[in-house]
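Peer 1: next input, structure requested:
(chains A, B and C)
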Amino acid sequence: MGEGGLLEIINLSNPIFKGYIFYSALLILKVLAMAILTGFQRFKNMVFVNPEDAAVFKCKPKIDANVERVRRAHLNDLENIPIFFVAGFGYMLTNPPVRTALMLFKIFTIARFLHSLVYAVVKVPQPARGLAWGTGYCITGFMAVKTLLHFL
Amino acid sequence: MGEGGLLEIINLSNPIFKGYIFYSALLILKVLAMAILTGFQRFKNMVFVNPEDAAVFKCKPKIDANVERVRRAHLNDLENIPIFFVAGFGYMLTNPPVRTALMLFKIFTIARFLHSLVYAVVKVPQPARGLAWGTGYCITGFMAVKTLLHFL
Amino acid sequence: MGEGGLLEIINLSNPIFKGYIFYSALLILKVLAMAILTGFQRFKNMVFVNPEDAAVFKCKPKIDANVERVRRAHLNDLENIPIFFVAGFGYMLTNPPVRTALMLFKIFTIARFLHSLVYAVVKVPQPARGLAWGTGYCITGFMAVKTLLHFL
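Peer 2: Have a look, this model is predicted:
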């Protein structure tokens, strides 16, 4: 690997690095979609939390279960996705097998899409949401532990 | 670009990379400012959510509209700024025109400052907040889509 | 530093870069632990916010002070840790002294662990939480300002 040899990892012909960027972009679009979903629920149920927004539609600020559900799904993204970006970056630097790394990035991405789907789009009974969440959680944890041990 | 050629992008003489780091630092300071704003509203209105904080000022834990407003602005930052950091990084790797990339970073940064300003400092009627939020949202979305298509 | 000379900074034999990755991994595990803590409080107090979760345990959705406390600690992580990752990365590029940089990464990490501990595990009276939070806050601010001035 030469001194440091980071260029063999962080370069545009390394499939792991390309996969990392690709799945990150997909996850960003997923997070962005949560705002659309929240807006959709707000307009559908005419529920606004800011007085100035409610005033536009001549209604009072209030709280609504459907809006709150989407907001919880969004918050769950914020709890899990930014740390995945950093965990995935650190994990790449541990020189993992290409196949394993790409598989983990892909499964994490699918799990997070499913999480939002069963939480905020089609309400699916538990353990659907728990499994989707747990899959992403374990992958981030695995990557962080691998990174920690490698850089100890 | 040679094999991978990431060094032509991620290096300290590339104006895009320097701009990326510069605007990221500005955005971080903006997010940090939200905590000061929240603290300011808490003390001004003597509103604390933790019993141990309220006890210090001999008042009861309660909820206040001004504090909640700043907290929503802060949360909106968390929903939009960390994913921008990653989207901007991916976008840089697609070899965008220098002028376009710097413009997008700059507009995003201005939009987010304006968003906090009209949301939590001087209450400006809609669509001010919506426009500021939408501008940042579209830029992150554009960068993520560009990145996705480039690394497909 | 040659043209850009990023390789002298971002490489696996630079102790600052290795420290950055190491403490980032530790912080990720800390954030992940917050979800476990929340789950623990939910089961201990039988408090669930989603009707489908409450239904599993035959109780009604409700709000609980212990659960909310852990959730606020978690949210505080989201407000502070992702921006630290970016601030720390920018700061590395300013060529800081090795000793200072590693010290700042380490103190930030310890401060965030202590913050969660005194907020959500063992309730310690103020100013314990304020000091832990303020330490992390000042470090992120210092790094962002340093980066800003360097890339101005």
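
Peer 1: residues in chain A within reach of chain C, list them.
Peer 2: When proximity is defined by CB under 8 Å from any CB of the partner chain, chain A lies next to chain C at A:1, A:3-7, A:10, A:69, A:72, A:78-79, A:82-83, A:86-87, A:90, A:93, A:123, A:125-126, A:129, A:137, A:140-141, A:144-145, A:147-148, A:151-152. Every C-beta, even on glycine, is put in place using the N, C-alpha and C of the backbone.

Peer 1: with just CA atoms, put the helix-or-strand element of chain A with minimal mean pLDDT into CSV.
Peer 2: Here the helix or strand of chain A ranked lowest by mean pLDDT, DSSP states H and E is helix A:51-56, holding a mean of 82. Extracted C-alpha coordinates of helix A:51-56, given in CSV (Å, rounded to 0.1, in the frame of the first residue of the first chain):
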residue,chain,number,x,y,z
PRO,A,51,-49.1,30.3,12.7
GLU,A,52,-47.9,32.1,9.5
ASP,A,53,-48.4,28.9,7.5
ALA,A,54,-51.8,28.1,9.0
ALA,A,55,-52.9,31.6,8.3
VAL,A,56,-52.3,31.2,4.5
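
Peer 1: and that helix, how far out from the chain middle?
Peer 2: 31 Å (CA atoms, centre = their mean, to the nearest Å).

Peer 1: what are the buried residues along that helix?
Peer 2: Across helix A:51-56, burial judged by 16 or more other CB atoms under 10 Å in any protein chain shown covers A:52-54.

Peer 1: helix or strand right after it?
Peer 2: helix A:65-92 (DSSP states H and E).

Peer 1: which residues in chain A form strands?
Peer 2: Here chain A has no strands by DSSP state E.

Peer 1: contact residues of it facing chain B?
Peer 2: A:7, A:10-14, A:18, A:21-22, A:24-26, A:28-29, A:31-32, A:34-35, A:49-50, A:52-53, A:56, A:74, A:78, A:81-82, A:85.

Peer 1: nearest residue to the residue nearest in space to the middle of chain A in space, please, no chain neighbours.
Peer 2: With distances taken as CA atoms, centre = their mean, A:Ile81 lies nearest the centre of chain A, 3.5 Å away. Counting by CB to CB, 6 or more residues apart in numbering or on different chains, the nearest residue to A:Ile81 once its immediate chain neighbours are dropped is A:Leu27, at 5.5 Å.

Peer 1: for that neighbour, list the residues it contacts.
Peer 2: A:81, A:84-85, A:109, A:112 (CB atoms under 8 Å, 6 or more residues apart in numbering or on different chains).

Peer 1: find the nearest non-adjacent residue to A:Thr135, please.
Peer 2: A:Ala111 (3.9 Å).

Peer 1: so the one you found makes contact with A:Ala132?
Peer 2: Yes - counting by CB atoms under 8 Å, A:Ala111 does reach A:Ala132; the two are 5.0 Å apart.

Peer 1: those two - which one has more neighbours?
Peer 2: More crowded of A:Ala111 and A:Ala132, by other CB atoms under 10 Å in any protein chain shown: A:Ala132, with 22 against 19.

Peer 1: how confident is the prediction for the closest residue to the more buried one other than its chain neighbours, by pLDDT?
Peer 2: Nearest residue to A:Ala132, sequence neighbours excluded (CB to CB, 6+ apart): A:His115, at 3.8 Å. As predicted, A:His115 sits at a pLDDT of 97.
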